[in-house]
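Engineer: Sharing a sequence plus its predicted fold:
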Amino acid sequence: MKIISVNVNGIRAAEKKGLFHWLESQEADVVCLQEVRAQEHQYSQSSFHPEGYTSWFHNAQKKGYSGVSIYAKKQPDQLVVKLGNQEIDDEGRYLRADFGSLSVVSVYLPSGSSGDDKQAKKIRFMRFFEELMADMLASKRSFILCGDWNIAHKKIDIKNWRANQTRSGFLPEEREWMDQLFEQGWVDAFRVRNQQAEQYTWWSNRGKAWENNTGWRIDYQIVTPDLKNCISEVSVYKDERFSDHSPLIIDYVF
């Protein structure tokens with residue numbers, strides 16, 4: 001199973017930059033998109049619907065904001081959209097598709113970089129999601145959580161770690177939160193196969209971050225421990241730019 005995850009920073013903008021043309025060449029089984037920033041009725045044109053895929057969306061109530069989607073070649077047995085947390089549900093930050101005993105999730109954690117209120121929202125999401133992830137582990141189902149987590153986990157996951165220790169996305173409490181998830185058994189799928197530094201997935205649009213590779217690794221596929229040995233190949237696609245994030249591609253062999 002080949003799974004691609006990418007924050008598109010606006011699905012309409014990414015489509016114009018060739019995202020769906022590229023996806024057609026990848027033949028992924030599942031594609032998880034975050035920050036689609038559109039309402040479902042705006043996806044009517046055929047270019048948003050690659051041949052062979054069915055798509056599902058969880059859009060934010062606020063227009064032009066947040067939103068996630070899943071594209072898959074196989075029809076899921078079940079979709080889970082509502083978590084029972086109004087703040088998260090209203091912002092379209094979670095979508096789960098069940099395929100037999102495997103669940104694939106597209107998730108988009110809030111960014112806290114624009115102020116204390118936004119950071120407080122991010123922390124609320126983290127605490128709620130931590131409990132949800134504990135329930136996932138206890139369920140004995142297999143999970144692949146794909147998305148923009150808006151946290152660089154370790155020093156090798158960010159170019160200028162010293163200068164960013166007080167910034168949202170690299171705060172000690174955020175990194176400790178991810179430590180706890182992995183201590184509980186969750187697995188950072190990319191790092192199973194690639195432990196190198198400078199494997200970034202996001203670059204600021206300010207300055208020359210892309211040209212200088214001044215990036216952050218904030219996009220992940222985090223999996224239940226039973227899937228660790230199924231991780232075959234991992235990569236970040238950087239030959240073309242569809243967004244300020246690059247697609248994360250992981251192949252699983254079951």
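Structural biologist: All right, it came through fine.
Engineer: Show me what the spatially most central residue of the chain is bridged to.
Structural biologist: Geometric centre of the chain, nearest residue: Gly147, 0.8 Å, by Cα atoms, centre = their mean. Per DSSP bridges, the residues bridged to Gly147 are Val107, Tyr220.
Engineer: Wait, it touches Arg96, no?
Structural biologist: No - using Cβ atoms under 8 Å, Gly147 is not in contact with Arg96; the gap is 11.3 Å. Every residue, glycine included, has its C-beta placed from N, CA and C.
Engineer: what is in contact with those two at once?
Structural biologist: Val105, Ser106 (Cβ atoms under 8 Å, 6 or more residues apart in numbering).
Engineer: okay, the residue nearest to the centre of the chain: pLDDT?
Structural biologist: Gly147 carries a pLDDT score of 98 in this model.
Engineer: now Ser114
Structural biologist: At Ser114, pLDDT is 82.
Engineer: Against which helices or strands is the helix ranked longest in the chain packed?
Structural biologist: The single longest helix within the chain, with elements called by DSSP state H, is helix 116-139. Judged by 3 or more Cβ pairs under 8 Å, 6 or more residues apart in numbering; DSSP states H and E, the packing partners of helix 116-139 are helix 86-90, helix 172-183.
Engineer: Which positions in it come out as buried?
Structural biologist: Gln119, Lys121, Lys122, Ile123, Phe125, Met126, Phe129, Leu132, Met133, Met136 (16 or more other Cβ atoms under 10 Å).
Engineer: residues contacting the second one?
Structural biologist: Just to be clear, that refers to Lys121. Counting by Cβ under 8 Å, 6+ apart, Lys121 has contacts Glu87, Pro110, Gly112.
Engineer: 6 Å instead?
Structural biologist: Pro110 (Cβ atoms under 6 Å, 6 or more residues apart in numbering).
Engineer: Let me know the pLDDT of it.
Structural biologist: At Lys121, pLDDT is 96.
Engineer: returning to what we had before: which residues sit in contact with the residue nearest to the centre of the chain?
Structural biologist: Gln34, Ser106, Val107, Tyr108.
Engineer: burial of Lys155, as a residue count?
Structural biologist: Per other Cβ atoms under 10 Å, the neighbour tally for Lys155 reads 14.
Engineer: per-residue confidence at it?
Structural biologist: For Lys155, the model assigns a pLDDT of 97.
Engineer: what do you get for Leu171?
Structural biologist: Reported pLDDT for Leu171: 98.
Engineer: what's the span of stretch 18-36, first residue to last?
Structural biologist: 15 Å (Cα to Cα, to the nearest Å).
Engineer: quick revisit: chain center to the longest helix of the chain, what's the gap?
Structural biologist: Distance, stretch centre to chain centre, for helix 116-139: 15 Å (Cα atoms, centre = their mean, to the nearest Å).
Engineer: now the helices for this structure?
Structural biologist: Using DSSP H, helices in the chain cover 11-16, 19-26, 86-90, 116-139, 172-183, 189-193.
Engineer: Out of those, the one nearest Glu240 is which?
Structural biologist: Among the helices of the chain, helix 19-26 comes nearest to Glu240, with 6.3 Å by Cβ to Cβ.
Engineer: Okay, buried residues for the closest one please.
Structural biologist: So for helix 19-26, counting by 16+ other Cβ under 10 Å, buried means Leu19, Phe20, Trp22, Leu23.
Engineer: Cool, thanks, talk later.
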